[in-house]
Structure formats: structure tokens, C-alpha cells
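Chemist: Structure for this input, please:
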Amino acid sequence: MIAGILKEKNSETRVSLTPEVVKQLQQMSVTVWVEQDAGDASFYNDDAYMQSGAQIKTAGEILAQADVIFTLQPPSREVASQLAPGKIIIGVLQPLYHSAEVSYWASRNLTTFSLDTIPRTTRAQSMDVLSSQANIAGYKAVLLAAYSYSRYLPMFMTAAGSIAPAKVLILGAGVAGLQAIATARRLGAVVEVFDTRPAVKEEVMSLGAKFVEVEGAADASAAGGYAVEQSESYQQQQQKKIGESIARADIVITTAQIPGKPAPVLVTQPMLDQMRHGSVIVDLAAATGGNTSVTKNNETVHYKGVTIIGNSNLPAAMPADASKLYAKNVFNFLKLILTKEGGLDLNFEDDIVKGACITHNGEIVNERVKSLIPAASAI
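Modeler: Below is the predicted model of the structure:
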């Protein structure tokens, strides 16, 4: 089998597989082709790949001859159109947000695996790309906020006077939120946390933060670790509580997303009006609309003295480690579909393989994706 690693486009700095994982694949009799300079932005150069046993090829050669194509972001139409029927694409394809592309992949008879749809079970933890990348995003979000904030985060007592610690509010206590809590606490900030899932209260408090509770949240236990839509009554209570906390906050980190739907607006314009000048918001849900009413993806907005940074791809700001963790996730998934001789064995009896597969044999096969994508999606 030939595995091909493409160079990412636009602002994506990560790479799908690192030289370390390439070496492991070589030991499993898998031939690896790497597009020239594919790892440069992640600080893995072509020499490192060649030393690991990979061959440096052009994108055209990889698209024409590789059996499996690795790409972090969903492939463009130009890329997908060059692949012969039956070829396999593995990446973070975000199928719930790219219905037309999913239909196109099916029409091209491509087999696609999207690692962001892997079931979030104990067995799948080593393949959980959402968690590995969200951990980095939560860490980097606090550092970005601290860099953009005009004051100290920790308390200081000096001969010139005392500096009070910064107050940080984190909306969402998933993987990114928990790492943001830990990072903000290490920097000396006072942290408050809001989440619709009461079950995370203990984790939040164990990290030294205060958990803001709102009664009556919808049960999210069956949502695989994701947020779920809440009732109108709950949302009103939620906004009141958040409004009280945000008026005191110096830094806000927002992380709330609902798969396949726009991100919930948790920070309204009236809330922004209450924030003190110089406050900073880092919105990790910017790509799906954002958790504030004024967020713009990949932009920094200044609203009445408040800085709102919209960035859903913060892992790309730490490309070396982000690529290392992602490549490990990919390798652990590959072990489920490779034989000892390095051939492909797509075992759809395995719940992880089945859960990750989006299109196969000319059809959309993922049940969750099918339920959210109209049958008549434009191709």
C-alpha cells in the first residue's frame, strides 16, 4: 500500500504524519510518499522524512498513485477530482458542515474517513483528534489572551502598590476549557467556569476554579461529550448568569459548539456593553459562527474597548506538537484498517471504523451524517 501525505493549503501549518510515525508505517510494510515541503511549517523537513524511509513526490504523483491520501483539512474539489474511484481519504473532514462536499465524494466513489466522527469511547481515546487538538487550543487561547490583555494575570504586591489578579471566565468545560482553566490558574488568574453539564463540576473545582451553575440543563449524557441544545427557559437563565459573571471578567475564553449546527451565542451585545475597557475574549467557536454576537472568524474585532479574537484553529499556532499528537491519533486509527503485511482491511464490523467512515461504494454511509445532510445536497 502507498500512503500519501499532502501539503496543507492556506493558513494550515500542521502536517498529517510526522517522520516518527512514517518510520512506524515503514516497519509495517507501508510505502509512504510525502509531498515536497509538506512538513516545513511544522518544522519537519524533507530530510527528516527521507531518513525515516519516506519518498518525496509531487502532489500530482501522490494523487495519481497513492492508495490512501492523508490531509488535515477537507480536500478541495480540485484535489478530490484527481482521485480515482476507490481511493481513500483520511483527515478531519468536518462532514456535518460540508454537505455538498460529502455528496461529491460519494459521487466520485471515494472512501472517506473523518477522524472527528470517531465515537468518543474509552477504546477510541488514543485516536481522538478532537481531544488532542482541543487540549492545545485551550492552552494557546489563554496565552493569546494574556498577550493581548493590557494588565497582569497574577496578583502582585510591590513597593509601588498592589495589582489584583485578573478574572478569567471560561464558557465550556470540555477538553479545551479544562486546559484553559489549568493554564489560567498556573498564570495566577482567578477563574470562573460555566458549562451546561453538571457532571463536569468536580473536574472544574479540582483545577481550582469556581463552577457557575444554572439549574435545568438538558441531559447531555448521550451526546458523546458534546454540548446539546437547551430550552428557551434555560437559555434565559443561562444568559442572566453569564451576564453577571462577564461584567466582572477581564478575560473570557469561549469554547461552546454543537456538532452540525451554528455555535450558540452565549455572549450577547448587552453583555459586551457591560465589560470593562481592555477586556479580551478569545472565541474558539469562531468557525461555526462564534459564541459572541460580534465574532468574526480569523479576525480580531474591537468593540467598545473589548478585544474579540476569533480563532478556531489555534492548534496550528503550535504546529510541531499539534502534528505530533495528530499523527499518533492517525497511526492508532490506521492499525485498525491495516493488515500485518501493510495491506488494507476495512473492517466495518469495528464500531470505530464504521463510525469514522463517511462515504463508501458511492454512498454516504455514516448514519449521523446522513440524518443531517439532505439527500438532494448539491454536487
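
Chemist: residues touching the residue lying closest to Met275 once chain neighbours are set aside, list them.
Modeler: What sits nearest to Met275 in space, not counting adjacent residues and going by C-beta to C-beta, 6 or more residues apart in numbering, is Val306, at 4.9 Å. Where you see a C-beta, it was placed from the backbone N, CA and C, and this is true even at glycine. Counting by C-beta atoms under 8 Å, 6 or more residues apart in numbering, Val306 touches Leu272, Met275, His277, Ser279, Val280, Ile281.

Chemist: 10 Å instead, please
Modeler: Residues near Val306 by C-beta atoms under 10 Å, 6 or more residues apart in numbering: 252, 267, 271-281, 292, 294.

Chemist: So which of those sit within strands?
Modeler: Under the assignment DSSP state E, these contribute Val252, Val280, Ile281 to strands.

Chemist: want to throw these into CSV with neighbour count and distance to Leu325?
Modeler: As requested, the ones in strands among the contacts of Val306 are exported to CSV (neighbours: other C-beta atoms under 10 Å; distance: C-beta to C-beta, whole Å):
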residue, neighbour count, distance to Leu325
Val252, 29, 26
Val280, 24, 27
Ile281, 29, 26
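
Chemist: residues of the top helix by length along the chain that come out buried?
Modeler: Ordering each helix of the chain by length in residues (DSSP state H) puts helix 129-148 first. For helix 129-148, the neighbour count (16 or more other C-beta atoms under 10 Å) marks 129-146, 148 as buried.

Chemist: Also stretch 322-340?
Modeler: Of all the residues in stretch 322-340, those buried under the rule 16+ other C-beta under 10 Å are 322-334, 337-338.

Chemist: Also stretch 32-42?
Modeler: Going by neighbour count (16+ other C-beta under 10 Å), the buried part of stretch 32-42 is Val32, Trp33, Val34, Glu35, Ala38, Gly39, Ala41, Ser42.

Chemist: For Ser293, grab phi and psi.
Modeler: phi -70, psi -10 (degrees, to the nearest 10).

Chemist: Now it: closest residue in space, sequence neighbours ignored.
Modeler: Sequence neighbours aside, Gln269 is the residue nearest to Ser293 in space, at 4.8 Å (criterion: C-beta to C-beta, 6+ apart).

Chemist: thinking the one you found is in contact with Thr292, fair?
Modeler: Yes. The criterion here is C-beta atoms under 10 Å, and Gln269 meets it with Thr292 at 8.6 Å.

Chemist: more crowded one of these two?
Modeler: Legend: neighbour count by other C-beta atoms under 10 Å for Gln269 and Thr292, higher for Thr292 (27 against 12).

Chemist: May I have the residues that are in contact with that one?
Modeler: Residues in contact with Thr292 (C-beta under 10 Å, 6+ apart) are 171, 252, 254, 263, 265-269, 271-272, 281, 283, 285-286, 301, 303, 306, 308, 310.

Chemist: which residues touch Ala209?
Modeler: Taking C-beta under 10 Å, 6+ apart, one finds 168-170, 173, 177-178, 180-182, 184-185, 189-193, 203 in contact with Ala209.

Chemist: that older thread, kindly provide the distance from the residue nearest to Ser293 to Met275.
Modeler: Distance, Gln269 to Met275, using C-beta to C-beta, to the nearest Å: 11 Å.

Chemist: if I look at these two, which residues touch both of them?
Modeler: Tyr303, Lys304.
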